[in-house]
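>>> can't give you the sequence, but here's the structure:
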């Protein structure tokens, strides 16, 4: 069972955070390298989605109910 501390929550969410950072890095590198606009837009959406997953996880881990999106 994961500790209900900030440290415990961060360590549990660390893989998500690392994934989000990697997605952001990939997006920024593609943008800097002059990748096609469609590819840059696709990578931006992936990075945004990854950071949203981190936010959703962190909120869930402190007891907030997940948002229902229809």
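Thanks, I have the structure now. If you're wondering where the values come from, they're calculated on a predicted model, not measured in any experiment. Numbers count the residues shown, from 1 in each chain.
>>> next structured bit after the longest helix seen in the chain?
Ordering each helix of the chain by length in residues (DSSP state H) puts helix 6-32 first. Heading C-terminal from helix 6-32, the first helix or strand you meet, by DSSP states H and E, is helix 37-61.
>>> can you give me the offset of that following helix from its chain's centre?
5 Å (C-alpha atoms, centre = their mean, to the nearest Å).
>>> next, the angle from that helix to helix 6-32.
170 degrees (axes from the mean of the first three to the mean of the last three C-alpha atoms, to 10 degrees).
>>> tell me which residues of helix 37-61 come out buried.
40, 43, 44, 46, 47, 50, 51, 53, 54, 57, 58, 61 (16 or more other C-beta atoms under 10 Å). (Each C-beta comes from the backbone N, C-alpha and C, glycine too.)
>>> name the helices or strands packed onto the lowest-mean-pLDDT helix or strand in the chain?
Lowest mean confidence among the helices and strands of the chain (mean pLDDT, DSSP states H and E): helix 6-32, at a mean of 84. Counting contacts by 3 or more C-beta pairs under 8 Å, 6 or more residues apart in numbering; DSSP states H and E, helix 6-32 is packed against helix 37-61.
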